[in-house]
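Participant: here's my sequence, what's the structure:
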Amino acid sequence: MEEQELVVVFSAAGRTEAEQIVRLLKENEIPAVRKGGVMDVYMGNSITGEEILVSLENLDTAKKILEGFQPISTSSGEGRRVYSKGQKVIGWILLAVAVVLCVIIPILFL
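Facilitator: All right, here's what the predicted structure looks like:
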């Protein structure tokens, strides 16, 4: 099997968008792979984005397919979570208990 040179056809913002692009290309019979960053290994998503690679011979066709591509919007990792007043109170109580157990009690027994 001969080696093919892979080239970047698209730079995706994150893993979800990259997987959408790879799937779109494969549905159009163009083999493609995504290349994530180091954070992709640890967090499952790269904050620096991901590159989509195709063979040099498929580059022009892949570019035509990706013209006007709009990723499906997902809500993963977007926005801040809103906590109710009760959740905030419980959070502060748990923080106080943790401080007493981890800081104050050890000081008393020194």
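Participant: low pLDDT regions in this structure?
Facilitator: 1-2, 37-48, 74-81 (pLDDT under 70).
Participant: and the helices in it?
Facilitator: 15-27, 38-43, 59-66, 85-99, 105-108 (DSSP state H).
Participant: and the angle for the first one with helix 59-66?
Facilitator: By that I understand helix 15-27. 120 degrees (axes from the mean of the first three to the mean of the last three Cα atoms, to 10 degrees).
Participant: what is helix 15-27 packed up against?
Facilitator: strand 6-12, strand 32-35, strand 50-55, helix 59-66 (3 or more Cβ pairs under 8 Å, 6 or more residues apart in numbering; DSSP states H and E). For glycine as for every other residue, the C-beta is placed from the backbone atoms N, C-alpha and C.
Participant: most tightly packed of the helices of the chain?
Facilitator: helix 15-27 (a mean of 18; mean count of other Cβ atoms under 10 Å).
Participant: so which of the helices of the chain is nearest Val9?
Facilitator: Closest of those to Val9 is helix 59-66, at 4.6 Å (criterion: Cβ to Cβ).
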